[in-house]
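*Asks:* Model the structure of this input:
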Amino acid sequence: PQMDQISPDLRAALSLFLLATEEASAAFWAMDKDLTIRCIATMGMPLSNGKVTWEVGRTIFEVFGTTDVRHPAIAAHREALDGVETTASLDGEFKGMRLRTVPLLDNKDECIGCVGVLSGE
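*Replies:* Next comes the predicted model:
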């Protein structure tokens, strides 16, 4: 969705979060249950892995360039969909990066997606 399609409460939360992390070098995203990016922001980190541009509508599989559900980044997002907060150190192209994923819950505490943060360790 475009910024004008995001609720004022979510826009306010995103603005506060970005302000609080102004000095960080990280990428932040929210994904739906199909692991498709619905909202993404970056602070000093390029939104590309060299193969694909990270943008709304891309899947986590595209972002990390894999179809392997055992890949640490994919597994972390899938665990978040199951209600488990995770932190993973990545390797390969993302060596030295830390990924944190948390479930995204609705007002009934049901999982509607997940949130990911990728940053340097």
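*Asks:* all strands in the protein, in order from the N-terminus.
*Replies:* In the chain, strands defined by DSSP state E lie at 26-32, 37-43, 86-89, 97-105, 111-120, listed in chain order.
*Asks:* Show me what the shortest one is packed up against.
*Replies:* Applying 3 or more C-beta pairs under 8 Å, 6 or more residues apart in numbering; DSSP states H and E, one finds that strand 86-89 makes contact with helix 72-81, strand 97-105. For the C-beta atoms, the positions are set from N, CA and C on the backbone; glycine is no exception.
*Asks:* Would you point to the one among these that's packed deepest?
*Replies:* Mean neighbours per residue, mean count of other C-beta atoms under 10 Å, is largest over the helices and strands packed on strand 86-89 for helix 72-81, with a mean of 20.
*Asks:* what angle sits between that helix and strand 111-120?
*Replies:* Counting by axes from the mean of the first three to the mean of the last three C-alpha atoms, to 10 degrees, helix 72-81 lies at 140 degrees to strand 111-120.
*Asks:* Distance-wise, check the nearest residue to Phe64 once chain neighbours are set aside relative to Met97.
*Replies:* With C-beta to C-beta, 6 or more residues apart in numbering as the criterion, Phe64 has its nearest non-adjacent residue at 4.5 Å, and that residue is Ala73. When distances are taken as C-beta to C-beta, to the nearest Å, Ala73 and Met97 turn out to be 9 Å apart.
*Asks:* Repeat that for Thr86.
*Replies:* With distances defined as C-beta to C-beta, the gap from Thr86 to Met97 amounts to 14 Å.
*Asks:* now swap in Asp32 and tell me
*Replies:* Separation of Asp32 from Met97 (C-beta to C-beta): 23 Å.
*Asks:* next one: Lys108
*Replies:* Distance of Lys108 to Met97, given as C-beta to C-beta: 33 Å.
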